[in-house]
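K.L.:
The sequence and its predicted three-dimensional model are supplied below.
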Amino acid sequence: MVTDQHTPESSPPGQQSLGQRATSAAAWAVAARVVQQVVAIGRILILARLLAPDDFGLMGVAVAVLTVIQMFTTTGFSAAIVQRPGVINNAINTAFTIDLARAVLVSVALFASASLIAAAFEIPEASEVIRALAIVSLIGGLINPANVRLVRELRIKDTLWVQLGSVIAEAIVSITLAWILGSVWALVWGAVARAFAQVTVSYVINPYMPRLEFVKSEAAWMFRFGRWMALDFMMTQLAHQVDRVIIARVLGPAALGIYTVSNKLSLNVVREFSLVGSRVGFPALAKIQNRPSDFATRSLEMLELSLSVSVPAAVFLVVLADAAVPVLLGNQWMAAIGLTEILALAAIPMTIVATGSVALAAVGVPRAAAFANTVALITIIIAMPVLATESGITGAGQAILIAQSAAAALIVVLWIRRLSIPLMSVASPFVSPAILALAVGAPLLAIDSTEWTNVSKLVLGTLVSATAYGITSILLWRIANRGAFQMIATLLRRRTSAEAQ
């Protein structure tokens, strides 16, 4: 039996209440996500000028293959440890041992099958890129398992350094090598640098050295819960990667490159805001899962806050995509305009899926999210080959929008049934996001209808939409006592009250 003396120790924030820790975690998560997105967007904009769509397409094929192989071996142990109440020390080394063995197996399989995979895609030049990414899997298996405890204790500030360090490392390496090499290898070595930075920083923030250790009883309980989280992860990742596989096979690497860049600048940017709720919401909601009324209220607040950002952001991208793409990416990416608009809209139902998945997993029903993502996956597999063949890259985007809408509808139904939430209460979180979208969209449409240059449209549209969003948020707060600003103010009041007590 493993004893606690051999396991990582981390001191919980002694005097802070759950509300204080959740508020602090949310603030750090938002700040870190903003920094990550700024770095990631800046990286993509620079690389789009230095590399061709084919380069992004080759990297997209390799990443899709790596992700698909990894997802079929994922364990879900980290989420199981976060959700389980009580002592978790004895489980961490067992999880590390299993995950490291998984990483080694994935790396070997990827390296050995690279040529066959490239031949299946009819893209032989992808084989060396696929082999190189086997290094990423191997490095990733060494990440410090003690970071799970930091997530469990809502010490998000500490864990976020891992993500920030990796994003910055990837940006520096990939941009430098793109300028020197001008090829897909800039993206490959950027991915390797990111994985190496993740592992390095994970030990800097928590200098525990894990041991190779396997305890059957610990593995058993982690698997019982983790299998559903693993299935959810598998379906989510498969839904996010099968589209790339289909596009590469049907339309070729150049189309996949356009899809990859459009995804990062539209769907990914908007979706990232919902991941703030996922990161902070899961451990916070898990701690109040036995208080149904509070749980339902907080989960709906989390949805409204996510939508209050993602819906106006989607509207901005839909209206100004025709100005933003040529200014930010260049004329070689003009085919991305229509796709960017469609993927921005798809981010709205994806936000609902992400937030609802967090709520259902935190209340102990992780399989619900897996069902919703399975619906999305099946829809993509059926619709995308047909739509992509008929309408090209925009057809592929339409399939994503349909799939995410179907998954969101299922999540809402499951959310209502599991938490016994009245139908009108579920509709409430959509009111203020809709008002914000109108406030942002109306002036943007007026600007887009002018004969101004694309640069003028983009700059003025950004300033006007930000001003409209801020003013409308304040009015919603002061007049109707709702909206993003109101919820932020509520969180601050809860924290102040907790400190006073």
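P.N.:
Noted; the coordinates are in hand.
K.L.:
Mind checking the pLDDT average for stretch 38-52?
P.N.:
For stretch 38-52, the mean pLDDT works out to 89.
K.L.:
same check, this time on stretch 425-437
P.N.:
87.
K.L.:
and it, which residues are buried?
P.N.:
426, 429-430, 432-433, 435-437 (16 or more other CB atoms under 10 Å). All C-beta atoms are positioned from the backbone trio N, CA, C, and that covers glycine.
K.L.:
which phi and psi does residue 183 have?
P.N.:
With angles defined as degrees, to the nearest 10, residue 183 sits at phi -140, psi 180.
K.L.:
burial count for it?
P.N.:
16 (other CB atoms under 10 Å).
K.L.:
so who does the residue nearest to it when sequence neighbours are not counted touch?
P.N.:
With sequence-adjacent residues excluded and distances taken as CB to CB, 6 or more residues apart in numbering, residue 183 is closest to residue 55, at 6.3 Å. Applying CB atoms under 8 Å, 6 or more residues apart in numbering to residue 55 gives the contacts 183-184, 186-187, 257.
K.L.:
Residue 441 too?
P.N.:
Residue 441 neighbours (CB under 8 Å, 6+ apart): 312, 315, 319.
K.L.:
rewinding a little: how near is the residue nearest to residue 183 to residue 199?
P.N.:
26 Å (CB to CB, to the nearest Å).
K.L.:
and what of residue 52?
P.N.:
Distance from residue 52 to residue 199, by CB to CB: 31 Å.
K.L.:
that older thread, any chance of JSON lines for the contacts of residue 55, columns pLDDT?
P.N.:
Below are these laid out as JSON lines (pLDDT from 0 to 100):
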{"residue": "183", "pLDDT": "92"}
{"residue": "184", "pLDDT": "93"}
{"residue": "186", "pLDDT": "95"}
{"residue": "187", "pLDDT": "95"}
{"residue": "257", "pLDDT": "93"}
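K.L.:
out of those, which are inside helices?
P.N.:
Counting by DSSP state H, the contacts of residue 55 place 186-187, 257 in helices.
K.L.:
quick one on the thing from earlier: the residue nearest to residue 183 is in what secondary structure piece?
P.N.:
helix 53-71 (DSSP states H and E).
K.L.:
got it, and residue 309?
P.N.:
helix 292-328.
K.L.:
What is that helix packed up against?
P.N.:
helix 267-286, helix 336-362, helix 393-419, helix 423-427, helix 431-448, helix 454-475, helix 484-500 (3 or more CB pairs under 8 Å, 6 or more residues apart in numbering; DSSP states H and E).
K.L.:
how far away is the nearest residue to residue 314 once chain neighbours are set aside from residue 310?
P.N.:
Excluding the flanking residues, the one nearest residue 314 by CB to CB, 6+ apart is residue 344, at 4.4 Å. Distance of residue 344 to residue 310, given as CB to CB: 9 Å.
K.L.:
So for these two, which residues contact both of them?
P.N.:
Joint contacts of residue 344 and residue 310 (CB under 8 Å, 6+ apart) are residue 270.
K.L.:
Out of the ones in helices among the contacts of residue 55, who's the most crowded?
P.N.:
Going by other CB under 10 Å, residue 257 tops those with 27 neighbours.
K.L.:
how much space between it and residue 145?
P.N.:
From residue 257 to residue 145 the distance is 36 Å (CB to CB).
K.L.:
Same question for residue 468.
P.N.:
Counting by CB to CB - residue 468 and residue 145 are separated by 46 Å.
K.L.:
what about the stretch 151-300 of the chain, any weak spots by pLDDT?
P.N.:
151-159, 208, 215-219, 221-222, 224-233, 235-236, 239, 273-294 (pLDDT under 70).
K.L.:
One more pass at 90, please.
P.N.:
151-167, 198-243, 245, 263-300 (pLDDT under 90).
K.L.:
mind listing the helices for it?
P.N.:
156-181, 185-205, 216-251, 253-265, 267-286, 292-328 (DSSP state H, counting those that start in this stretch).
K.L.:
could those go into a markdown table alongside distance to residue 125?
P.N.:
Shown next, in a markdown table, are the helices of the stretch 151-300 of the chain (distance: least, CB to CB, whole Å):
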| stretch | distance to residue 125 |
| --- | --- |
| helix 156-181 | 15 |
| helix 185-205 | 12 |
| helix 216-251 | 12 |
| helix 253-265 | 9 |
| helix 267-286 | 26 |
| helix 292-328 | 27 |
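K.L.:
Most tightly packed of the ones you listed?
P.N.:
A comparison of those by mean neighbour count, using mean count of other CB atoms under 10 Å, puts helix 253-265 on top with a mean of 25.
K.L.:
could you dump that helix to PDB, C-alpha only?
P.N.:
Taking C-alpha atoms only, helix 253-265 is exported to PDB below (Å, rounded to 0.1, in the frame of the first residue of the first chain):
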ATOM      1  CA  PRO A 253      -3.800  19.800 -47.400                       C
ATOM      2  CA  ALA A 254      -4.300  23.400 -48.700                       C
ATOM      3  CA  ALA A 255      -8.000  23.400 -47.800                       C
ATOM      4  CA  LEU A 256      -7.100  21.900 -44.400                       C
ATOM      5  CA  GLY A 257      -4.600  24.700 -43.900                       C
ATOM      6  CA  ILE A 258      -7.300  27.300 -44.600                       C
ATOM      7  CA  TYR A 259      -9.700  25.500 -42.200                       C
ATOM      8  CA  THR A 260      -7.000  25.300 -39.500                       C
ATOM      9  CA  VAL A 261      -6.300  29.000 -39.600                       C
ATOM     10  CA  SER A 262     -10.000  30.000 -39.800                       C
ATOM     11  CA  ASN A 263     -10.700  27.700 -36.800                       C
ATOM     12  CA  LYS A 264      -8.000  29.300 -34.700                       C
ATOM     13  CA  LEU A 265      -9.200  32.800 -35.500                       C
END
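K.L.:
And that helix, what does it pack against?
P.N.:
Judged by 3+ CB pairs under 8 Å, 6+ apart, helix 253-265 is in contact with helix 18-50, helix 53-71, helix 216-251, helix 336-362, helix 393-419.
K.L.:
out of the ones you listed, nearest to residue 371?
P.N.:
Nearest to residue 371 among the helices and strands packed on helix 253-265 is helix 393-419; the distance by CB to CB comes to 6.6 Å.
K.L.:
what's the angle between the closest one and helix 253-265?
P.N.:
Taking axes from the mean of the first three to the mean of the last three CA atoms, to 10 degrees, one finds that helix 393-419 is oriented at 40 degrees with respect to helix 253-265.
K.L.:
Please give the centre-to-centre distance between helix 393-419 and its chain.
P.N.:
Centroid separation for helix 393-419 versus its chain: 16 Å, with CA atoms, centre = their mean, to the nearest Å.
K.L.:
what's the angle from that helix to helix 336-362?
P.N.:
20 degrees.
K.L.:
So the nearest residue to residue 407 once chain neighbours are set aside: helix, strand or coil?
P.N.:
Nearest non-adjacent residue to residue 407, counting by CB to CB, 6+ apart: residue 376, 3.9 Å away. Three-state assignment for residue 376 (DSSP: H, G, I helix; E, B strand; the rest coil): helix.
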